[in-house]
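Asks: My questions concern the predicted model and sequence given below.
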Amino acid sequence: MAGMSGEWGYRGIGRFIERHRRELISTLQIPEARVPSYSTVRRVMMELDFQQVTQVFNQWARQYVRKGDIVAGDGKSLKNTVQNYDNKSQDFVTAVSLFCQQRQVVLGMKMSRNKKESEISVIRQLLTELDLPSVTVTLDALHTQKNNPVTQTTRT
């Protein structure tokens, strides 16, 4: 909720919590009327296992896809993770996602390092894991390589 309101970072989340304290206590039925401070939010966020959160999210989001939907797959490199700026062999993290256009929801997401795996293989993993029912998948030109198994797969 804080992110959707334009608040980012632990202190921003803390400001959001304080600003909407009464509504959060009421809506979320928080016992003893206590909301977490930004430092509590920070500690919790630091302990989260991103892979587990992503896996649960992907399972939850899959329920929104229907036969005939159009699903777009794409990867975006995270600029703040680039290493070796001066070297043409850079290493960075890429967020790869599948987005259902009709439902306006992200169906699946994975993070990868470009030195370890390609966007092509990550898209393939996501499609296999989500096992989407008879959807049309759109991909960018990166996936038009001759030996790309993603573009050669037809599922019914």
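Replies: Structure's in. What do you need?

Asks: any idea whether Lys76 is helix, strand or coil?
Replies: Classification of Lys76 by DSSP: H, G, I helix; E, B strand; the rest coil places it in strand.

Asks: Can you report how many residues neighbour it?
Replies: 11 (other CB atoms under 10 Å). Just so you know, the C-beta spots here come from the backbone N, C-alpha and C atoms, and that holds for glycine as well.

Asks: Distance check, the closest residue to it other than its chain neighbours against Asn114.
Replies: Among residues not flanking Lys76 along the chain, Ala95 sits closest, at 5.3 Å (CB to CB, 6 or more residues apart in numbering). Noted for Ala95: a distance of 12 Å to Asn114, by CB to CB, to the nearest Å.

Asks: Ok, Ile25 next?
Replies: Taking CB to CB, one finds Ile25 at 44 Å from Asn114.

Asks: same check, this time on Thr136
Replies: Note on Thr136: its distance to Asn114, by CB to CB, is 27 Å.

Asks: Neighbour count: these two, which is higher?
Replies: Under the criterion of other CB under 10 Å, the comparison of Thr136 against Asn114 puts Asn114 first, with 17 against 11.

Asks: quick one on the thing from earlier: may I have whatever helix or strand the residue nearest to Lys76 lives in exported as PDB, CA atoms only?
Replies: In the assignment (DSSP states H and E), Ala95 maps to strand 93-100. Presented in PDB, the C-alpha positions along strand 93-100 are these (Å, rounded to 0.1, in the frame of the first residue of the first chain):
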ATOM      1  CA  VAL A  93      20.100  -8.800 -12.200                       C
ATOM      2  CA  THR A  94      17.100  -9.100 -14.500                       C
ATOM      3  CA  ALA A  95      13.500  -9.200 -13.400                       C
ATOM      4  CA  VAL A  96      11.600 -11.500 -15.800                       C
ATOM      5  CA  SER A  97       7.800 -11.500 -15.700                       C
ATOM      6  CA  LEU A  98       4.700 -12.800 -17.400                       C
ATOM      7  CA  PHE A  99       1.800 -10.300 -17.600                       C
ATOM      8  CA  CYS A 100      -1.800 -11.200 -18.500                       C
END
